[in-house]
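Visitor: quick one, fold the following:
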Amino acid sequence: MTSYAVDSKRQSMRATGIVDEVKEWEARDGKRRPSEIQARDEDTGMPLWSVEVIYKQTSWGRESSTTGRVIVGMPQRPVLEEYARVEFIDLRAEVRVNQAGGLVESWSADRVADGKAATASTPAAGKAA
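Guide: This is a model prediction of the structure:
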């Protein structure tokens, strides 16, 4: 699939504060389902995180706000302040046609620029302080 480089400074994105582990997919009972294992970047071996963002898009001349998820590889869960501007290193977008004929965007980046990693005492890490 072809991916396109996106200038993270020009494509304004704001973090929603939601960051989840990306799970490996496995085949069970003839169906693909997410497993309990966190996925890793094939090239770097870093754990993959899904960073939810909100951004403005234009479709057919109409502007709207859209949420999306940017997949990043980082050693620890990034902590992003809710609705703060977020920049990514080597942000890429992929667009494909789904089975229903609609367009689907997929976003990925090497990492969050200046992303703080969660610590054991950070509630956003999913652990009690």
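Visitor: look at residue 120 and report its pLDDT.
Guide: pLDDT, residue 120: 39.
Visitor: can we start the residue count at 55 from this point?
Guide: Okay, residue one is now 55; in that scheme the one you just asked about reads as residue 174.
Visitor: hey, which helix or strand in this structure has the poorest pLDDT?
Guide: strand 170-171 (a mean of 60; mean pLDDT, DSSP states H and E).
Visitor: now name the helix or strand holding the residue nearest in space to the middle of the chain.
Guide: Taking Cα atoms, centre = their mean, the centroid of the chain lies closest to residue 124, which sits 2.0 Å from it. Element membership of residue 124 [criterion: DSSP states H and E] is strand 116-127.
Visitor: about what we covered before: list the contacts of the residue nearest to the residue nearest to the centre of the chain when sequence neighbours are not counted.
Guide: Spatial nearest neighbour of residue 124, chain neighbours left out: residue 161 (4.3 Å); criterion: Cβ to Cβ, 6 or more residues apart in numbering. (Each C-beta comes from the backbone N, C-alpha and C, glycine too.) The contact partners of residue 161, by Cβ atoms under 8 Å, 6 or more residues apart in numbering, come to 107, 122-125, 145-148.
Visitor: residue 158 too?
Guide: By Cβ under 8 Å, 6+ apart, the neighbours of residue 158 are 149-152.
Visitor: circling back: which strand residues bridge the residue nearest to the centre of the chain?
Guide: For residue 124, the beta-bridge partners under DSSP bridges are residue 105, residue 161.
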